[in-house]
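Asks: Here you go, sequence then predicted model.
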Amino acid sequence: MRVLVVTDAWRPQVNGVVRTIEQLVAHAPAFGAAIDLLTPDAFITVPLPSYPEIRLALARVAKVSGLIDDSRPDHVHIATEGPLGLAARRACLRAGRAFTTSYHTRFPEYVRRRAPVPERLTYAWLRRFHNAGDGVMVATESLSRDLERHGFQRLMRWTRGVDAELFRPRPGVDVFNLPRPVFLYVGRVAPEKNLEAFLSLDLPGSKVVVGDGPSRADLENRFPQARFVGSLQGEALAEAYASSDVFVFPSRTDTFGIVILEALASGLPVAAFPVTGPADILRDEAAGALDEDLRAAALRALSASRDAARALALRHGWAEATRSFVDNVRGVMTSRAPHPEVAVS
């Protein structure tokens, strides 16, 4: 089975969407599937206003349609709702080709933080985008329930995983050499990540931020007591997790949070708000703490079990995540059901 994954998010971006697709490509052959990619690399791109690290493809429907035909896929999966995803959706509808989509990002909440756009309008647009396909893959049960309330149809689960060999406890490692305890954040440094909720906390020890983004300069200026180390990958990132005492995840808008699994796999307890993503993963508070008072959660997580954190992460493998994706695609291929929206829009 050959699946073409269309994604606006791709290298050199460092985020959960890119990491998920990379792991899908690596593990799919074990389940009888080959993954081809259609990414912005095939197009002229322009920087996203206010976020130049992300580049948008200037994707014409005719070119995208030709590239899909050239790939000769058995199935098309559209991973993102950007210009490339939009063009692929239109091309599939015109050709009567089956396709599925993913809901990786809470755009209504993200847009609201940056512009005075009501969430209901963004949800209406996203609902139209996703309901045109044969299934919407989501990472968690709570996100599925939430989207169902917003009128999304044909929802199916595609969970996430972690590389538990790279991200593992490393006793004695301390790359920061800072006063303990060390409270760590890893991820984009952007408004939607709600980093101020972490950086403004009155906590003992030290705060470390790993990652980059449009808010970094402002936050470094406003919170000089925190250490900002920029983006890290591979062994350097794994050592950063292993060198810390608590992972603080302040976002209220993520759909999952792969970094949570990376922290847990490193034996690092997690503190977070009880929202979609953290609440789906941290079902065992022995591995961390969830609280609307993020400071209380961070302090409580100091006494959480590093062994329990590691054990919880080991339940989430990339192989099992890939199996769920492949099973979803096979289900669509073998029993494609007609649905009301068939007109190109």
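Replies: Thanks, I have it.
Asks: Just the CA coordinates for stretch 321-334, please, in CSV.
Replies: Extracted in CSV, the C-alpha atoms of stretch 321-334 (Å, rounded to 0.1, in the frame of the first residue of the first chain):
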residue,chain,number,x,y,z
ALA,A,321,1.1,4.8,16.6
THR,A,322,2.0,3.9,13.0
ARG,A,323,-0.2,0.8,13.2
SER,A,324,-3.2,3.0,14.1
PHE,A,325,-2.5,5.2,11.1
VAL,A,326,-2.2,2.3,8.6
ASP,A,327,-5.3,0.6,10.0
ASN,A,328,-7.3,3.9,9.5
VAL,A,329,-6.2,4.1,5.9
ARG,A,330,-6.9,0.5,5.2
GLY,A,331,-10.4,0.9,6.7
VAL,A,332,-11.1,3.8,4.3
MET,A,333,-9.7,2.0,1.3
THR,A,334,-11.8,-1.1,1.9
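Asks: May I see the buried residues of that stretch?
Replies: The neighbour-count check on stretch 321-334 (16 or more other CB atoms under 10 Å) flags 321-326, 328-330, 332 as buried. (Glycine included, C-beta is placed from N, CA and C.)
Asks: next one: stretch 268-283
Replies: Counting neighbours by 16+ other CB under 10 Å, one finds that the buried residues in stretch 268-283 are 268-273, 275-278, 280-282.
Asks: Quick check: the farthest pair among the residues you listed?
Replies: 268 and 276 (21.0 Å; CB to CB).
Asks: How about residues contacting stretch 307-314?
Replies: For stretch 307-314, contacts defined as CB atoms under 8 Å, 6 or more residues apart in numbering pick out 162, 164, 167-169, 261-270, 281-284, 286-288.
Asks: What residues sit buried inside stretch 117-125?
Replies: For stretch 117-125, using 16+ other CB under 10 Å, the buried residues are 122-123.
Asks: Report the distance from that stretch to the chain centre.
Replies: 21 Å (CA atoms, centre = their mean, to the nearest Å).
Asks: Could you do stretch 210-228 as well?
Replies: 21 Å.
Asks: how long is it end to end?
Replies: One end of stretch 210-228 sits 6 Å from the other (CA to CA, to the nearest Å).
Asks: Check which residues of it are buried.
Replies: Of all the residues in stretch 210-228, those buried under the rule 16+ other CB under 10 Å are 210-216, 219, 223, 226-228.
Asks: between these, which is nearest residue 256?
Replies: Among the buried residues of stretch 210-228, residue 211 lies closest to residue 256 (CB to CB), at 16.6 Å.
Asks: mind checking how far that closest one is from residue 199?
Replies: Using CB to CB, to the nearest Å, residue 211 is found at 13 Å from residue 199.
Asks: Pairing-wise in the sheet, spell out the partners of residue 138.
Replies: On the basis of DSSP bridges, residue 138 is bridged to residue 157.
Asks: In contact with it, which residues?
Replies: By CB under 8 Å, 6+ apart, the residues touching residue 138 are 102-103, 144, 147, 155-158, 255.
Asks: and those residues as CSV, adding pLDDT, distance to residue 246 and neighbour count?
Replies: Putting these into CSV (pLDDT from 0 to 100; distance: CB to CB, whole Å; neighbours: other CB atoms under 10 Å) gives the following:
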residue, pLDDT, distance to residue 246, neighbour count
102, 97, 30, 27
103, 96, 29, 24
144, 96, 29, 19
147, 96, 31, 21
155, 98, 33, 17
156, 97, 34, 19
157, 97, 29, 16
158, 97, 29, 27
255, 91, 23, 23
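Asks: Among the residues you listed, list the two that are farthest apart in space.
Replies: 156 and 255, at 14.2 Å, using CB to CB across those.
Asks: and the longest strand for the protein?
Replies: strand 51-57 (DSSP state E).
Asks: and for that strand, what are the contacting residues?
Replies: 8-9, 13, 39-40, 42-48, 82-84, 190, 212-214.
Asks: Also stretch 279-296?
Replies: Taking CB under 8 Å, 6+ apart as the rule, stretch 279-296 contacts 139-143, 197-198, 201-203, 246-248, 250, 256-257, 260-261, 264, 269-274, 278, 297-298, 300-301, 304-305, 308-309, 311-312, 316.
Asks: filter these to the buried ones?
Replies: Buried members of those, scored by 16+ other CB under 10 Å, are 139-140, 143, 198, 201, 203, 246-248, 250, 256-257, 260-261, 264, 269-273, 278, 297-298, 300-301, 304-305, 308-309, 311-312, 316.
Asks: Keep only those of those that are in helices.
Replies: 143, 198, 260-261, 264, 278, 297-298, 300-301, 308-309, 311-312 (DSSP state H).
Asks: Need the distance between the two termini of stretch 46-57.
Replies: Termini of stretch 46-57 sit 7 Å apart (CA to CA).
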